Structures are given as structure tokens and as C-alpha cells.
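S.K.: Need a 3D model of the sequence below.
(one chain, ligands or ions: 1)
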Amino acid sequence: MLERGQVANSWRHERWDSLRLLTPNWQSRLPGHHYEGPDPDGYMTMGEVVEFISRFALVSQAPVRTGVNVTALNASSDGYELTTSAGPLRCRTVVIASGACNAPSVPAVAAAVPAGIVQVTPLDYRNPSQLPEGGVLVVGASATGVQLADEIRRSGRAVTLSVGEHVRLPRTYRGRDVLWWMDASGVWDQRYTEIDDLTRARRLPSPQLVGTPERVTLDLNALTADGVELVGRLAAIRDGRALFSGGLVNMFALADLKMGRLLDTFDQWAREQGRDGEVAPPERFEPTRAPATSRWQIELGTGEFKTIVWATGFRPDYRWLELPVVDEKGCLRHDGGVVTDAPGVYALGLPVLRRRKSTFIHGIEDDARDVVQHLAERL
Ligand SMILES: Cc1cc2nc3c(=O)[nH]c(=O)nc-3n(C[C@H](O)[C@H](O)[C@H](O)COP(=O)(O)OP(=O)(O)OC[C@H]3O[C@@H](n4cnc5c(N)ncnc54)[C@H](O)[C@@H]3O)c2cc1C
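M.R.: Model (predicted):
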């Protein structure tokens, strides 16, 4: 196992200070290793995640070689050849587990942001004190965007949040964590072969969730109540002006509708499984409140905004893969972790790799078992 940094490197160096997992502690499971502390319904801080993963590396006796950066992977006559910072290596099979979130996914319009406005990505952001005083435009309203908009607003700055397609979820439903429902009702276990539009499922934005000791719901209603201004999806930046799409009302209605449908499936599951008695009665949530009017363009050069935070997602970095296995969008072409265009190459740790839960830490156990079985049969 080659790791360019330290064990749990992404959690040590690529996350903001206040981040906690949005998955509850009981869900932090690795093969044979799970949370055993006093707060199974809490959410780990980054320090706790680092400790959890480091401990797993220790007890599993994983043969990790830290500080070894892989700079190239090429095919050779009998397998693969790696170029690394510790010299060349040869192998018959390779598992690419280099992560799905190595780089920020920043739209091309960023190039048109006027000089003088600081641009920050979630990989550079640590806390509000690093931002200049003044207004902040946060682009993107998924888990990262809503969390950063909330934190920056609490620092006293004016925050405008540009909202595109998003997934709305309550933190708790019928008295249980919403992710308990996903787990219990089998949504997480849905296989990649059973998903209608797999490409779309793999690109779906993360849900608007935050892990806090108070288990708060951080949806757009919570943000507007805190004074965050909502605008539409950032469509372009032209002549120093940010232009936003209209249709906020429709986008909110769609997210509300999809959340309602998911809650319906939970209710149906509880009814059919006879579990209604274990949980509180069904509940429905206030629709997302649309602002009476929303700005569709903002002059960026007036000094109103000092910072833009690009909470527009993450992408993997495969520049070191010198094999024809990456598509035009920069994603690895694979069939449930089997990289078909390069026999003997496998992938793990990517969104909806083999199941819906593959996107999350607890998804690795089942995926690894399947992928390693294929690999072992091949060897
Ligand atoms: C902001 C954020 C919040 C998240 N919150 C949650 C959550 O609450 N719950 C949850 O379950 N999941 C969460 N996730 C998803 C979670 O990060 C992934 O499920 C998990 O990290 C996947 O683990 P991994 O080891 O595959 O990838 P990573 O954790 O990304 O690890 C990949 C490793 O590969 C190393 N590497 C990369 N390239 C090379 C190279 N060329 N040579 C050598 N080493 C290399 C990197 O240094 C890194 O250590 C979150 C992700 C992000 C970005």
C-alpha cells in the first residue's frame, strides 16, 4: 500500500477545522473495526477520524508505505510498472484507491473573476479568520456549501449563497438520524447494477447535512433564517458581473419533492416491516422558502464581495495514470471497480462504485470484498 502522505492523509490535511463527519459514529465501520465510544449517535471531528483510521491501519497490520508518491502507472509486458518517489515498482495487479476528492472542481467561469476578489476552495479553506473582512459569495449549496455558508455567516460576514441542483434532507426523521433510515431501509445497499441512471447517481451532489452535537438540520430555510441571501445557479461571469439562473422556486420545489418521496419510502418500509411502533409518527417539513425577489446579477467590482468560495464539488486527480482508462470528464471508466480497459487494474473508494453506500467510509467493506475476490481469481 503506497501513500504519498500519512495514513488518513486527506482527513489530516484537506479538510476545514470545524468539519465533523455527517455520518453518525455508529456508521463509521471498517472491516472488523467500528466505533466503540460513548456517543454512537454523534459525529466525529477530524481528529477523531484520523485516530479511527490510524488505529485501523495498526490493528489490521496493513503494509502501508507512507511518504511514497506514485507519479506514473504504465502497462508493462507482464503487468504494470509504477514510477514512485521511492523508485520504480512492478506488479501484476493494481488497486487504485487514491480517492475521489483530490482536487476542487472549480467551474471555468472562475477565470473571469475580477482581480482583488480572493478565491478559496474547500481544500484551502480552514476557518473564517483566513478570509478578508467583507461579503462572501459561496457558490454551491451541497454539504460543503451549506456548512461553509453557515460558518462564515456566523463570523459576522454577509453571505450570499448561489444554489444549483441540491439534495435536501432533514438531520433527523421520526426521531432517528436520517442516515439510520437509509441504512435500515436498505437504500445504501442498492447495487450499482440496479440503479436506473448510474452516471447521474455517481455525480449526484452530497446531501445538505451537517454533523453537530445538537443534530441540527442545515437546510436552506435554516440559512435564510440566519440571514444568508440565496441566489440562483452561477451561470456566467461577464464584464465583472456574476449572472445567476432564474428558477429558484422550481429548483426548491424539485428538492422538496424528492425529499418527500424519500420520506415516503421510509414510511412505507416502516409500515411493511412492522417497525412503526419503534419510531415517532411520520412528519413532513416546511417547503423551502423562496425569497420574494432574488438578485439575478451582481456587480463583483463594487467591493460588496471580498471573497468567493467555490463549494462546487471535488474531482479525482488521475494525472499519474498513463493508461487509457479516464473519460473526457476526468472519471475512471470502470465496471463496479473492475477497470475493463486495463485488465488487472481495480478501483475502490469512488461514489456508487458497487453500491449507493460506496460513496461513504462504511461502504468500503462490501466493495473491497467483491473487488478483491475478482482480483484474487485473476491472479
Ligand atoms: C469534505 C468531505 C467530507 C466527507 N464527509 C464524509 C462523511 O461524513 N462520512 C463518510 O463516510 N464519508 C465522507 N466523505 C467521503 C470520504 O472522504 C470517502 O468515503 C473516503 O475518504 C474514501 O477513502 P479513500 O481512502 O478511498 O480516499 P481518500 O481518503 O481520499 O484517500 C486517498 C489517499 O490516497 C493518497 N494518494 C492519492 N494519490 C496518490 C498518489 N499518486 N500516490 C500515493 N498516494 C496517493 C492520498 O494522499 C490519500 O491519503 C467526505 C469527503 C469529503 C471530501
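S.K.: where are the low-confidence patches of the stretch 251-379 of the chain?
M.R.: Along the stretch 251-379 of the chain, the model assigns pLDDT under 70 to no residue.
S.K.: Get me the contact residues on it for the ligand.
M.R.: Contact residues (C-beta under 6 Å from any ligand atom) of the stretch 251-379 of the chain with the ligand: 314, 320, 349, 360, 361. Quick note: C-beta positions are derived from backbone N, CA and C, even for glycine.
S.K.: out of the residues you listed, what pair is the most spread apart?
M.R.: Of all pairs drawn from these, the one with the longest distance (C-beta to C-beta) is 320 and 360, at 25.1 Å.
S.K.: When those two are compared, which one has more neighbours?
M.R.: Neighbour comparison, residue 320 and residue 360: the larger count goes to residue 360, with 20 against 16 (by other C-beta atoms under 10 Å).
S.K.: Not counting sequence-adjacent ones, nearest residue to that one?
M.R.: residue 23 (5.8 Å; C-beta to C-beta, 6 or more residues apart in numbering).
S.K.: how about the one you found, what does it touch?
M.R.: By C-beta atoms under 8 Å, 6 or more residues apart in numbering, the contact set of residue 23 is 43, 179, 211, 360, 361, 362.
S.K.: same deal with residue 285?
M.R.: Residues near residue 285 by C-beta under 8 Å, 6+ apart: 170, 219, 256, 259.
S.K.: Next to the ligand, which bits of the stretch 51-200 of the chain? Give me the list.
M.R.: 69, 70, 97, 98, 99, 101, 102, 144.
S.K.: Most neighbours among the residues you listed, which one is it?
M.R.: Within those, neighbour counts (other C-beta under 10 Å) peak at residue 144, which reaches 27 neighbours.
S.K.: Excluding chain neighbours, what is closest to that residue?
M.R.: With C-beta to C-beta, 6+ apart as the criterion, residue 144 has its nearest non-adjacent residue at 4.4 Å, and that residue is residue 311.
S.K.: Could you measure from that neighbour over to residue 272?
M.R.: Using C-beta to C-beta, to the nearest Å, we find residue 311 at a distance of 38 Å from residue 272.
S.K.: can you check residue 11 too?
M.R.: On the measure of C-beta to C-beta, residue 11 and residue 272 end up 38 Å apart.
S.K.: out of those two, which sits in the more crowded spot?
M.R.: residue 11 (23 against 10).
S.K.: can I assume the more buried one is in contact with residue 53?
M.R.: Yes - judged on C-beta atoms under 8 Å, residue 11 makes contact with residue 53 at a distance of 6.7 Å.
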